[in-house]
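Visitor: Attaching a predicted model along with its sequence, questions to come.
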Amino acid sequence: MGLRKNVREAMLEAVPSLRAFAISLCGNVDRADDLVQEALLRAWANMGSFQPGTNMSAWLFTILRNLFRSEYRKRRREVEDVDGSYAESLTSLPEQTSRLEIVEFRNALKLLPSEQRESLILVGASGFSYEEAAQICGCAVGTIKSRVNRARSRLAEILSIDSASDFGPDRETRAVANSDIVRTDRS
Amino acid sequence: MCHTLVSFSSNANAGEYSTAGVRKTMNTDKPSPRIRTMYAQKSEKNPVVKLGPDIKAKIGMQLRLMYGEIVDQGVPERFVEMLKRLDDPNCEGK
C-alpha cells in the first residue's frame, strides 16, 4: 500500500509538467488533459512495470509520449490550435509583450518536426538530461543531441534571431516591416 | 565574388597583368574574410548551424517561460479527483 501511495503522490506532483509536455505535443489544452489522464491511468494499471529507484517522472513521460505516438498522432490533428484554447488558457501573463512573444515562440515551435520539438522540450524545458530524454523517446543519446541542435537552429532561423538583442521591442517593428514586404510581394 | 572581380579590374586598370593576382588568390591558404563570409552564408542553409551561447540562452528562456506558464497552473481539479478515486476500492481504478 505504501508504494501505491508513493506512486499516486509522484503522479500528482508530475501532473503540471506532464500537462506542459502534453500541450507541446498536441497543442490543444483539452486534448492534452485527456492525454495526461489516460497516461496516468495507464501508469497506474502498469505500476508493476515501474522499477523502484528509477526516475518516476521519466517513466510517466515515456508512457504519455508512447500513448500520444500510438493513438493521438495518427489522427494528424496535432498542434492544430495554437492560438485558440491554448492562448485563452493563459490568464496570468505578466505583460502583453511576453504574451505575444510566447505565442509567437509557440507558433515557431509547431513548425518543427515533432521529433525535434519533443526533444527540445524534454531537454530545454522539462529539465531531463540527454540520457533521460533518449530513454523517454526510445532512441540514442546522440540522436537527441542532434535533434536538439537542429531544433535550436531552426527556431533561430524562423524567429530571425541573429543575436540576443533581437528579442525585444525591435522584433515587433521588424514583424510589421516583414509583413509589409510580404504584402508587397503578393500584390 | 563581386569584391574579387572589382579588385581584378582595378589591377587591370593599373596596367598590371592580372595573372599574378589570380595566382595569389588561388594559392592563399587562408581565404579572404569576404570569402569566408560567403561560405558561412552558404552553410546557413544546412539545418545545423553553430549557434552562439546567447542565442541558445534566449531560446532556452523562451522555452522555460512557455512551459512554466502551464506548470504554474498547478494540478487541475479533475486530476486531484481522479487520483483520489484510484485508491477507492469501489472504483475501476483499483
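Guide: Perfect, thanks for sending it.
Visitor: Return the distance of residue A:10 relative to residue A:124.
Guide: Distance, residue A:10 to residue A:124, using C-beta to C-beta, to the nearest Å: 23 Å. Glycine gets a C-beta too; all of them are placed from N, C-alpha and C.
Visitor: between these two, who's got more neighbours?
Guide: Set residue A:10 next to residue A:124 and count neighbours by other C-beta atoms under 10 Å in any protein chain shown: residue A:124 wins out with 21 against 16.
Visitor: and that one, what are its phi and psi?
Guide: Dihedral angles of residue A:124 (phi, psi; degrees, to the nearest 10) stand at phi -90, psi -20.
Visitor: any idea how chain A splits into domains?
Guide: A:1-89, A:95-187 (automatic domain parsing).
Visitor: Mean pLDDT added to the ones you listed, as CSV?
Guide: Below are those laid out as CSV (pLDDT from 0 to 100):
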stretch, mean pLDDT
domain A:1-89, 83
domain A:95-187, 78
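Visitor: Would you point out which residue is most central in chain A?
Guide: Of all residues in chain A, the one closest to the mean position by C-alpha atoms, centre = their mean is residue A:24, 2.9 Å from it.
Visitor: Tell me who's in contact with that one.
Guide: Neighbouring residues of residue A:24 by C-beta atoms under 8 Å, 6 or more residues apart in numbering or on different chains: A:109, A:117, A:118, A:121, A:125, B:67.
Visitor: before we move on, what about residue B:75?
Guide: If a contact means C-beta under 8 Å, 6+ apart, then residue B:75 has A:12, A:15, A:16 as its contacts.
Visitor: any low-confidence regions in chain B?
Guide: Applying pLDDT under 70 to chain B flags residues B:1-49, B:88-94.
Visitor: how does it divide up, domain by domain?
Guide: Taken from automatic domain parsing, chain B resolves into B:2-43, B:53-86.
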